[in-house]
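Asks: sequence-free structure coming up:
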């Protein structure tokens, strides 16, 4: 009888551990871990004017971003994270994500591309707000399946003094 109780107690303990692990796994799948190292807020294009007003000399870095685009996520959470890690865990607070997906129509998406003079997303654009429009100062555009992207991104960040120049 004692042996049966011990076996039952062990079975209950194992079941409890498995149930807890299952709950933890489910919770982790539902929670998206934010690996981004850029400014945390995802702005609508219409909100970006306020960011320019707060920026010194009205110059900011706009990350044209779509949260459902794998290339955007890769650039944000892998490439920029890698460069951050290589440079002492720096955070790119000067880079502001603009929600490309928020522009629900192809027409609006093309307006954003024209506004920032880009061909594709993701892209990071150094932009200065002028009295009448914007001045595009520098651009990094993603080129899918190109091994030089990390080098080009690093060069862009160095040119714009977002990471140390060695």
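Replies: Ah, there it is. Source: prediction; values computed, not measured.

Asks: the domain parsing of the protein - what is it?
Replies: 1-31, 42-159 (automatic domain parsing).

Asks: what's the average pLDDT for the last one?
Replies: Per-residue pLDDT values across domain 42-159 average out to 86.

Asks: just to revisit the earlier point, return the most buried member of the domains of the chain.
Replies: domain 42-159 (a mean of 16; mean count of other C-beta atoms under 10 Å). From N, CA and C alone the C-beta is placed, and that goes for glycine too.

Asks: so can I have TSV of the domains of the chain showing distance to residue 165?
Replies: Below are the domains of the chain laid out as TSV (distance: least, C-beta to C-beta, whole Å):
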stretch	distance to residue 165
domain 1-31	37
domain 42-159	5
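
Asks: do you know which of the ones you listed lies nearest residue 166?
Replies: In terms of C-beta to C-beta, the element of the domains of the chain nearest to residue 166 is domain 42-159, at 8.5 Å.

Asks: start to end distance for the closest one?
Replies: 25 Å (C-alpha to C-alpha, to the nearest Å).

Asks: any idea how far that domain is from the chain center?
Replies: 9 Å (C-alpha atoms, centre = their mean, to the nearest Å).

Asks: one more: stretch 41-53?
Replies: Relative to the mean C-alpha coordinate of its chain, stretch 41-53 is positioned 16 Å out (C-alpha atoms, centre = their mean).

Asks: which residues sit against that stretch?
Replies: Contact with stretch 41-53 is made by 58, 60, 62, 65, 67, 96-99, 102-103, 112, 115, 129, as judged by C-beta atoms under 8 Å, 6 or more residues apart in numbering.

Asks: which SSE is residue 20 in?
Replies: Element membership for residue 20 (DSSP states H and E) is helix 2-30.

Asks: mean confidence for that helix?
Replies: For helix 2-30, the per-residue pLDDT averages 79.

Asks: partner strands of the helix or strand following it, with direction?
Replies: Elements were assigned by DSSP H and E; along the chain past helix 2-30, the next helix or strand is strand 42-43. Using DSSP bridges, strand 42-43 pairs in its sheet with strand 95-99 (parallel).

Asks: on that earlier part again, restricted to strands, list the contacts of stretch 41-53.
Replies: The strands, defined by DSSP state E, take in 60, 62, 65, 96, 97, 98, 99, 129 from the contacts of stretch 41-53.
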